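1. model the following, please.
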Amino acid sequence: MQDSSLKRPARRVEHDDSQPRSGSAGRVPTPRRWHGYLLPDKVIRRAGARVESFVVIYWAIKALCGVSVPVLLSAAGVTLSLAGYIAVGVLASFAVDIELWRRMKRRQRRIRYALSYFLDMVTAFLRAGMSLEAAILRATEFGLPPRNPLRHELGIVRSEIYAGRSRREAFAALWDRTGVSDLQTLATLFRTGFDIGTPILASLEHQAELLRERTRERRQKAINRKMTQAMVPLVLFNFPMMLIIVFYPPVLEFSRLLFISP
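-> Okay, the predicted model is just below:
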């Protein structure tokens, strides 16, 4: 059973020799566009937003936070010097960068958690006799939810290959867009299967097992971190209360016996 949805068009695409090609490490050197000097374009792209349409929104939110926070502090009666208000405004303007960083980390975490299941689906379709292209397409369509970021990124890869971009550059750009290190190894395996044509079923199964093991380790670390964080309120509040409950009655009784008149 063959599926040509991921195959390149029959028309040959001429490459301009003046454009940079892929490096030896598999990364595609992308030129820094004009908006790259105005905002953190990689963080915005890895957070799931379009960089070109985010320039005005980014600076508008930074200006709003930088102006509104000092005004609210002044209206609340907080008296600061001019330099203090300026410093507060500058610090408040970085709230949008913190939110973008948080969204980027959450999106990368969702991609990591979906990657092992996606590889299991790909290997299942490969065992059923499908080609690698058809297996990737079916695993993307039936194995990932519509709003999953990994499905969105694989859809971009499919569109780029259909538009004439080489598979090597398309899969290398997948890792560069997301920043998920596990996708770099996956892109190398896919390029090996496409370019050389060697069977990669065993390699995909090994990679899926490795990703599941890493996912278990990350979840175990998250559980240990939550348990450590839960110990802080226990130590700060419950431990002093237990000391009072245990030692207050004997101390009170001892003081009564000590100061009782004969």
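2. what about residue 146, which SS state?
-> Per DSSP: H, G, I helix; E, B strand; the rest coil, the local secondary structure of residue 146 is coil.
3. kindly state the pLDDT recorded for it?
-> The score at residue 146 is 85. That number is its pLDDT.
4. and it, its phi and psi?
-> Backbone dihedrals for residue 146, given as degrees, to the nearest 10, come out at phi -60, psi -30.
5. same deal with residue 148?
-> Residue torsions, per degrees, to the nearest 10, at residue 148 are phi -70, psi 130.
6. helix or strand for the residue lying closest to it once chain neighbours are set aside, which one?
-> Counting by CB to CB, 6 or more residues apart in numbering, residue 114 is the residue found nearest to residue 148 once chain neighbours are left out, at 5.5 Å. Yep, even glycine has a C-beta here, placed from its N, CA and C like the rest. Using DSSP states H and E, residue 114 maps to helix 95-127.
7. buried sites along that helix?
-> 96-97, 100, 103-104, 107-108, 110-112, 114-123, 125-126 (16 or more other CB atoms under 10 Å).
8. again, but for stretch 205-220
-> Applying 16+ other CB under 10 Å to stretch 205-220 flags 205, 207-208, 211, 215 as buried.
9. what number of residues lie near residue 81?
-> For residue 81, the count of nearby residues is 8 (other CB atoms under 10 Å).
10. what pLDDT is listed against it?
-> pLDDT at residue 81 comes out at 86.
11. and it, how close does it get to residue 87?
-> Residue 81 sits 9 Å away from residue 87, going by CB to CB, to the nearest Å.
12. what is the nearest of the buried residues of stretch 205-220 to residue 180?
-> Closest approach between the buried residues of stretch 205-220 and residue 180, by CB to CB: residue 211, at 10.6 Å.
13. wait, what's in contact with that closest one?
-> Applying CB atoms under 8 Å, 6 or more residues apart in numbering, we find residue 211 in contact with 112, 115-116, 119, 182.
14. tell me the one of the residues you listed nearest residue 245?
-> Nearest member of the contacts of residue 211 to residue 245, counting by CB to CB, is residue 112, at 45.5 Å.
15. list the contacts of that closest one.
-> By CB under 8 Å, 6+ apart, the neighbours of residue 112 are 180, 182, 211, 214-215, 218.
16. and what of residue 94?
-> residue 62.
17. residue 106 versus that one, what's the distance?
-> Applying CB to CB to residue 94 and residue 106 gives a distance of 19 Å.
18. quick revisit: now the buried residues of stretch 205-220 as TSV including distance to residue 163, pLDDT and secondary structure?
-> TSV is the format used below for these (distance: CB to CB, whole Å; pLDDT from 0 to 100; DSSP: H, G, I helix; E, B strand; the rest coil):
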residue	distance to residue 163	pLDDT	secondary structure
205	31	78	helix
207	28	78	helix
208	29	78	helix
211	29	80	helix
215	33	79	helix
